[in-house]
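Asks: Requesting a structural model of the entry that follows:
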Amino acid sequence: MKKSYYSLALALLLCSSSFTLYAQDDISSIFKSGMADLNRVAEGYLKPAGNGFSAGLGSNWYNTAEVHKKFGFDLTFGVGAVQAPAEDRMFSITGLTNLRPTVAGTTEAPSFAGSGNGIGLELMQPKYLTDGTTQNPLWDNGNGKITSFTTPGGVSRYVPAASIQLTLGLPFINDVSLRLVPAVTVKGFKTSEWGIGIKHNFKQWIPVVSALPFDASFLLAYTKFDMKYTFPASAQITPDKLVSGGLDYIADPSSSDYSDQAMNISANAVTANVIVSKNFLFITPYLGFGFTRSNFDLTMAGNYPTLGDPVKEGNTYKMQINNMPDPVKISQSELMPGATIGLRAKILMVLSVHAQYTLQKYPTAMVGLGFSFR
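Replies: The predicted structure is shown next:
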């Protein structure tokens with residue numbers, strides 16, 4: 001298996017620069033899908049990675065229902081993983097316009113969260129698909145195939161998640177939590193992240209219940225992540241990477257400059273939970289019930305070549321290259337009701353550790369370390 005710049009970019013984007021994605025085939029192969037099917041194939045493959053990353057943004061906002069006293073604070077670090085559900089580990093290839101599977105009867109391909117190798121797809125001449133004839137009857141024995149490629153293979157059903165959070169207690173028994181990663185540019189990557197959360201002890205307002213020996217609060221939090229990756233010259237998608245097997249191509253006359261290619265990602269998550277916890281000396285079990293609303297947008301920005309139809313030039317046939325600005329635009333969102341169960345343990349006066357699991361469509365497991373002055 002070879003490591004591609006596009007796979008590396010995707011992994012760094014979706015996993016907070018924490019691991020490298022290895023794929024069976026270069027993601028540039030997706031651009032052999034042609035303009036009609038490009039977004040369909042790209043979205044099917046990348047959907048679980050984007051949704052998993054967005055779900056991770058909405059995790060680990062709390063590890064107890066207890067709020068700080070006025071001007072108490074803590075600093076908490078968390079790491080974990082989000083698991084893609086079984087139904088998102090494959091994507092359907094039925095209903096494609098100009099693509100058909102190399103092996104007849106194949107209806108699904110592995111997504112980012114799947115396993116195994118990708119599946120073979122053939123880009124067909126539109127005329128062959130409509131009336132059974134080819135623009136070049138000698139091409140591939142007249143079966144109408146322009147080219148073939150293999151979709152990227154599965155990488156991992158788990159997407160890493162991480163958080164750094166500062167929480168401050170304010171009057172009226174409220175906690176305000178902040179997440180902030182200033183814009184950083186490293187090796188073509190520009191990233192930024194911020195988030196804000198408010199936790200309020202509503203138990204104090206309920207007669208009789210306010211005297212019971214447990215804590216109950218409500219949390220509302222929002223997280224926003226942005227990243228741009230500018231492809232280096234060696235990783236740019238150019239016409240010669242789309243044409244193989246001795247074929248030649250006719251360049252798009254509009255432009256042969258592909259230096260502005262980039263991948264832009266924007267993701268956010270809104271989390272709302274009711275939390276209940278109980279202190280037992282140095283151990284605090286807690287439960288949370290609510291929902292996470294996640295949104296993920298990916299754009300392959302810039303000028304990109306895509307395969308057009310074969311064109312006769314003299315006595316030979318060549319592939320026509322059609323340039324397309326911002327050819328891939330993927331937008332995904334999930335509304336996930338869920339329940340969180342966790343345990344927090346104080347190991348020193350100001351040091352605690354916690355572990356939690358959130359059962360939702362994209363289940364999330366997190367562990368954390370906190371320095372607290374309540």
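Asks: tell me the pLDDT at S7?
Replies: According to the prediction, S7 has pLDDT 42.
Asks: Repeat that for the one 10 residues further on.
Replies: Per-residue confidence (pLDDT) for S17: 35.
Asks: separation between the nearest residue to S192 once chain neighbours are set aside and D226?
Replies: Leaving aside its chain neighbours, S192 sits nearest to A183 (4.2 Å; criterion: CB to CB, 6 or more residues apart in numbering). From N, CA and C alone the C-beta is placed, and that goes for glycine too. According to CB to CB, to the nearest Å, A183 and D226 sit 8 Å apart.
Asks: any idea whether the residue nearest the centre of the chain is helix, strand or coil?
Replies: The centroid of the chain falls nearest to G50 when counting by CA atoms, centre = their mean (1.8 Å). Three-state call for G50 (DSSP: H, G, I helix; E, B strand; the rest coil): helix.
Asks: Looks like it contacts L298 (just checking).
Replies: Yes - if you go by CB atoms under 8 Å, G50 and L298 touch, sitting 6.2 Å apart.
Asks: nearest residue to S59 other than its sequence neighbours?
Replies: Leaving aside its sequence neighbours, S59 sits nearest to T364 (CB to CB, 6+ apart; 4.6 Å).
Asks: May I have the beta-bridge partners of the one you found?
Replies: Going by DSSP bridges, T364 is paired in beta bridges with V82, T358.
Asks: can you check T340 too?
Replies: Beta-bridge partners, per DSSP bridges, of T340: G288, T358.
Asks: is it true that it touches L287?
Replies: Yes - in this structure T340 lies within contact range of L287 using CB under 8 Å: 6.8 Å.
Asks: Tell me which of these two has more neighbours.
Replies: Remark: of T340 and L287, T340 carries more neighbours, 24 against 16, as counted by other CB atoms under 10 Å.
Asks: What distance do you get for the more buried one to N295?
Replies: Counting by CB to CB, the gap between T340 and N295 amounts to 21 Å.
Asks: just G132 next, same as before
Replies: In this view, G132 and N295 are 44 Å apart by CB to CB.
Asks: which of the two has more neighbours?
Replies: Ranked by neighbour count (other CB under 10 Å), G132 and N295 place N295 first, with 18 against 9.
Asks: which element follows the stretch of helix or strand that one belongs to toward the C-terminus?
Replies: Here N295, judged by DSSP states H and E, is contained in strand 283-301. For strand 283-301, the following helix or strand on the C-terminal side (DSSP H and E) is strand 303-313.
Asks: Which neighbouring elements make contact with that following strand?
Replies: Judged by 3 or more CB pairs under 8 Å, 6 or more residues apart in numbering; DSSP states H and E, strand 303-313 is in contact with helix 34-57, strand 145-150, helix 239-242, strand 316-325.
Asks: Can you verify my assumption that A269 contacts F296?
Replies: No - in this structure A269 lies outside contact range of F296 using CB under 8 Å: 9.3 Å.
Asks: Return every residue with contacts to both of the two.
Replies: Contact criterion CB atoms under 8 Å, 6 or more residues apart in numbering; residues shared by A269 and F296: S54.
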